[in-house]
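> Here is the input, now give the coordinates:
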Amino acid sequence: MAAVTCVFSVYAPHFRNGSWPVGMYPEPSEILYPVRGIDLSHHNGAVDFTLISDSIDFLYLKASEGATWRDPMYNTYYSQAKTAGIPVGAYHFFNFTIDGRLQAENFLWHTRHHSLDLPPVIDVETHTQASQPDHKVLTRLTDMITALREAGHDPLIYTHRYGIERFVEPLEIEPKPRVWISSFTDPPLPDTTDWVIWQYSNVGTMPGITGDVDLNVARNTDFIRPN
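From the prediction side, this is the model:
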């Protein structure tokens, strides 16, 4: 993976057919970051995928959470997005208190009938989690990564800068997972840190979706499986 390209003053005027509040979030250059995507969960409600198919290059769907919870819109979204010709991936919301292999099993079970075009993602968020010693979280996260790799997957980790410092850099597993960084600054990370996807807004808008939607760019299309 090449070093991160730092972008300080070159911006795109819009997110293709989407937008965000001016002055609140970065607007990544469409010249430097032409690969665009969004992520959805059941919170987004009904989605018209035919309207968004020309505006995005990839889509991530929430599939599962913890050891038992499964997103009720995952199957519907998956079928509709694939019909619209959109490359689809799935993510799992990681619970700090639950065994990592059980969480991997939940994700793998819920996605077992689907051919995913993107690597699975482990969503590691710190602000909504019960307090746990970091070493226990790292053990559970390592167990989930290992289980997914044993099943033939190479998962990404979605998190922010603080999460990278706490739960990616200290991982005693090789190779370390690549990162989907949530960052509302530009550039998202120092140029010494590897990343695949950058979520730069959580309040974007797009025709076909009611309410806010997460907006992402990717460094290239290498993570998308060819159809």
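> Direction included, what does the helix or strand containing Ala90 pair up with?
Here Ala90, judged by DSSP states H and E, is contained in strand 88-93. The pairing partners recorded for strand 88-93 under DSSP bridges are strand 58-65 (parallel), strand 121-123 (parallel).
> Against Leu138, how distant is Arg161?
17 Å (Cβ to Cβ, to the nearest Å). C-betas here are computed from N, CA, C, even on glycine.
> who's more crowded, the two?
Leu138 (19 against 15; other Cβ atoms under 10 Å).
> and the more buried one, what does it touch?
Leu138 is in contact with 167, 170-172, counting by Cβ atoms under 8 Å, 6 or more residues apart in numbering.
> Most neighbours of all those, which one?
Busiest of the contacts of Leu138 [other Cβ under 10 Å] is Phe167, holding 21 neighbours.
> shouldn't it be in contact with His135?
No. Between Phe167 and His135 there is no contact under Cβ atoms under 8 Å: 10.7 Å.
> tally of neighbours for Asn106?
Counted with other Cβ under 10 Å, Asn106 comes out at 22.
> so how far is the strand or helix carrying it off the chain centroid?
According to DSSP H and E, Asn106 maps onto helix 100-110. Helix 100-110 sits 17 Å away from the centroid of its parent chain (Cα atoms, centre = their mean, to the nearest Å).
> Send over that helix as PDB, restricted to the C-alpha atoms.
C-alpha atoms of helix 100-110 as PDB (Å, rounded to 0.1, in the frame of the first residue of the first chain):
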ATOM      1  CA  GLY A 100     -14.300 -12.700  19.600                       C
ATOM      2  CA  ARG A 101     -14.900 -16.100  18.100                       C
ATOM      3  CA  LEU A 102     -18.600 -16.000  19.000                       C
ATOM      4  CA  GLN A 103     -18.900 -12.600  17.300                       C
ATOM      5  CA  ALA A 104     -17.100 -14.000  14.200                       C
ATOM      6  CA  GLU A 105     -19.600 -16.900  14.100                       C
ATOM      7  CA  ASN A 106     -22.500 -14.500  14.200                       C
ATOM      8  CA  PHE A 107     -21.200 -12.500  11.300                       C
ATOM      9  CA  LEU A 108     -20.300 -15.500   9.200                       C
ATOM     10  CA  TRP A 109     -23.700 -17.100   9.800                       C
ATOM     11  CA  HIS A 110     -25.600 -14.100   8.800                       C
END
